[in-house]
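Peer 1: okay, predicted coordinates and the sequence, questions at the end:
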Amino acid sequence: TPMSLTTGIGLGAQNGILIRSGDALQTAEKLNTIILDKTGTITNGKPALTDVIAAPDQDEETLLRLAASVEKSSEHPLAEAIVEGAQARGMNLGDVESFDAIPGHGVSATVEGRHVLIGNLKLMNREGVGIGNFEDPMKSLANDGKTPMYVALDGKLAGIIAVADTVKEGSKSAIAAMKRMGLEVVMITGDNERTANAIARQVGVDRVLAEVLPQDKAFNVQKLQLEGKKVAMVGDGINDAPALAQADVGLAIGTGTDVAIEASDITLINGSLIGVVTAIQISRATMRNVYQNLFGAFIYNTAGLPIALGVLYPFFGILLSPLLAALAMSFSSVTVISNANRLKSWKPGN
């Protein structure tokens, strides 16, 4: 078993997959549910600004400039898209006097003496901001797979800003491969349900957990585990770390944060979901090899031990000399090692 596991871990490294321990490799073989974080895992995590819709009494340029001024203090990928979109239009961004990131809701800040809120419907409800006639545009943008955000100025809704993230090359084929392997694929995201379902349709995911707060991701992993499932979590961000630690096997995207990588059991160096498929295939191939070795050792010992104990002597007068017994035992080890080394010829897709 140790020989096969060591070979399997080495095989993972050759395919750009860092497996921390033999336990992770063994557990991966039993997985039946894969949870995929959306942003940065299924998608590229590099969204771009697509729409700016201002209220009738607001100026579109002012709306975007103030929003971008706030978002330049945020580390979220969506914030970066808004800032880059404003800068591409030649806007000079103002200084932020105060900034507060509200997990799962959005951000609040003061710019040029104006109080700015940027976030989802939960943030607007929490702050008592009415959304007026903007519900239909929000639904339309979300149905297109975009992520729309409300922007409020001084306690009044000023408009909507939307960004869109593109699906990573290979995500759809990787998810299809997971399904063919008999795995249930679940997408988890903080995005609203319409946006999440639009992305899920693009990549072929049937089950979606939308509008999940960062601190609740681990709880959602636990709920699936309580259903009796062996669950893997795939993520790349700081807020994915608790869920990666909670999962039976945590897989971190190598292009993600150090915190996520540290919390994971397996790291996918190239950042592609194909790595998840390969990791599970390596685990299954390794455990098949382990079972073969155990079966072979069992048969060998079942046949060899009685002979070594002299069971043939009363019938045939045959005794196994200590020298031959030692050679037979060595041959058993050679057989196990040779079978384990067969793993080195394994190729993805086998």
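Peer 2: Nice, thanks for sending it over. Numbers count the residues shown, from 1 in each chain.
Peer 1: so where does the spatially most central residue of the chain fall, helix or strand?
Peer 2: The residue lying closest to the centre of the chain (Cα atoms, centre = their mean) is V234, at 1.8 Å. Element membership for V234 (DSSP states H and E) is strand 231-235.
Peer 1: in contact with G296, which residues?
Peer 2: T335, V336, N339 (Cβ atoms under 8 Å, 6 or more residues apart in numbering). (C-beta placed from N, C-alpha, C; glycine too.)
Peer 1: secondary structure element holding it?
Peer 2: helix 274-308.
Peer 1: please compute how far that helix lies from its chain's middle.
Peer 2: In terms of Cα atoms, centre = their mean, to the nearest Å, the centre of helix 274-308 is found 29 Å from the chain centre.
Peer 1: need the CA coordinates for the helix or strand just after it. PDB is fine.
Peer 2: With elements assigned by DSSP H and E, the helix or strand that comes after helix 274-308 is helix 313-316. The C-alpha trace of helix 313-316 is given here as PDB (Å, rounded to 0.1, in the frame of the first residue of the first chain):
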ATOM      1  CA  TYR A 313       5.300 -33.200   4.700                       C
ATOM      2  CA  PRO A 314       2.800 -35.900   5.900                       C
ATOM      3  CA  PHE A 315       1.700 -36.500   2.300                       C
ATOM      4  CA  PHE A 316       4.800 -35.900   0.200                       C
END
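Peer 1: out of the contacts of G296, which is most surrounded?
Peer 2: The most crowded member of those, judged by other Cβ atoms under 10 Å, is V336 (21 neighbours).
Peer 1: what are the phi and psi values for that one?
Peer 2: phi -60, psi -40 (degrees, to the nearest 10).
Peer 1: just checking, it touches A297?
Peer 2: Yes - taking Cβ atoms under 8 Å as the definition, V336 is a contact partner of A297 at 6.5 Å.
Peer 1: quick one: low-confidence ranges for the stretch 201-350 of the chain?
Peer 2: 303-313, 317-322, 324-326, 328-329, 349-350 (pLDDT under 70).
Peer 1: how does it look with 80?
Peer 2: Across the stretch 201-350 of the chain, the ranges flagged by pLDDT under 80 are 255-257, 296-336, 348-350.
Peer 1: ranges for the strands of the protein?
Peer 2: Applying DSSP state E to the chain gives strands spanning 17-19, 33-37, 48-54, 96-102, 106-111, 114-119, 147-153, 156-164, 184-188, 207-209, 231-235, 249-253, 266-268.
Peer 1: which other helices and strands contact the longest one?
Peer 2: The reference is to strand 156-164. strand 48-54, helix 60-71, helix 77-88, helix 135-143, strand 147-153 (3 or more Cβ pairs under 8 Å, 6 or more residues apart in numbering; DSSP states H and E).
Peer 1: redo those as a markdown table? Include mean neighbour count.
Peer 2: Formatted as a markdown table, the helices and strands packed on strand 156-164 follow (neighbours: other Cβ atoms under 10 Å):
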| stretch | mean neighbour count |
| --- | --- |
| strand 48-54 | 18 |
| helix 60-71 | 22 |
| helix 77-88 | 20 |
| helix 135-143 | 16 |
| strand 147-153 | 24 |
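Peer 1: now those in TSV, with distance to P314 and mean pLDDT?
Peer 2: Shown next, in TSV, are those (distance: least, Cβ to Cβ, whole Å; pLDDT from 0 to 100):
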stretch	distance to P314	mean pLDDT
strand 48-54	84	91
helix 60-71	88	93
helix 77-88	78	89
helix 135-143	83	87
strand 147-153	81	92
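Peer 1: spatially nearest residue to G104 (excluding sequence neighbours)?
Peer 2: L213 (3.5 Å; Cβ to Cβ, 6 or more residues apart in numbering).
Peer 1: what's the burial count for that neighbour?
Peer 2: Neighbour count for L213, taken as other Cβ under 10 Å: 14.
Peer 1: ok, it - contacts?
Peer 2: P103, G104, G190.
Peer 1: so how far is A241 from it?
Peer 2: Taking Cβ to Cβ, to the nearest Å as the measure, L213 falls 14 Å from A241.
Peer 1: residues contacting T50?
Peer 2: Contacts of T50 by Cβ under 8 Å, 6+ apart are K146, A162, V163, A164.
Peer 1: which ones are touching A152?
Peer 2: Here A152 is in contact with V116, L117, I118, M124, E127, V129, A158 (criterion: Cβ under 8 Å, 6+ apart).
Peer 1: okay, and the beta partners of the residue nearest to the centre of the chain?
Peer 2: L36, L251 (DSSP bridges).
Peer 1: please tell me how far it sits from N341.
Peer 2: Applying Cβ to Cβ to V234 and N341 gives a distance of 30 Å.
Peer 1: same thing with S330?
Peer 2: Distance from S330 to N341, by Cβ to Cβ: 16 Å.
Peer 1: cool, N120 as well?
Peer 2: Taking Cβ to Cβ, one finds N120 at 54 Å from N341.
Peer 1: and these two? Which one has more around it.
Peer 2: Counting neighbours by other Cβ under 10 Å for N120 and for N341 shows that N120 has the greater number, 21 against 13.
Peer 1: domains for this structure, by residue range?
Peer 2: 2-44+167-279, 48-164, 283-345 (automatic domain parsing).
Peer 1: closest to A252 out of the contacts of G296?
Peer 2: N339 (31.4 Å; Cβ to Cβ).
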